[in-house]
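In: what's the 3D shape of this:
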Amino acid sequence: MRLGSFQAEEFGELQRLVDGMFTGRQVIDRLDLVVQAEILDLAPDLMEIVTLLPPGTYDRQRLCDQLNSALAAHGWGGTYGTVE
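Out: Have a look, this model is predicted:
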C-alpha cells in the first residue's frame with residue numbers, strides 16, 4: 001500500500017453534503033451546513049472541517065474552495081476526498 005493512498009469509509013461524504021445543500025439553492029448559510037452535517041452524523045474529522053468555516057453565506061464555488069483548503073491543510077484530501 002502506498003503512503004497517502006488510504007481512503008476512509010467516509011470518502012465522498014463532504015461531496016454528498018455539498019450536493020444536497022445546493023439542490024435548488026444558489027447560496028447557503030454556514031449554520032445550515034453545520035446543522036445538516038450534524039443531522040447526517042458526519043465523522044468527527046469531517047465535522048471539524050465543516051466547523052472550521054467562517055460564519056457567513058457561501059455560493060458553491062466559495063464553499064468548495066474553503067472546504068478543500070481545510071482538507072489540504074489537514075492532509076486529508078486523499079483520505080476523505082475533495083469537493084466540487
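
In: Quick one: the helices in this structure, in order.
Out: Assigned by DSSP state H, the helices in the chain fall at 13-21, 30-39, 44-51, 60-74, 77-80.

In: So for residue 6, which of those helices sits nearest?
Out: helix 77-80 (5.9 Å; C-beta to C-beta). (C-beta placed from N, C-alpha, C; glycine too.)

In: in the chain, what spans have low per-residue confidence?
Out: Low-confidence segments of the chain, defined by pLDDT under 70: 1-5.

In: Would you point out which residue is most central in it?
Out: Against the mean C-alpha coordinate of the chain, by C-alpha atoms, centre = their mean, the closest residue is residue 14 at 3.8 Å.

In: Compute the number of surrounding residues for the residue lying closest to that one once chain neighbours are set aside.
Out: Using C-beta to C-beta, 6 or more residues apart in numbering and skipping the chain neighbours, the partner closest in space to residue 14 is residue 83 (5.1 Å). Counted with other C-beta atoms under 10 Å, the neighbours of residue 83 add up to 22.
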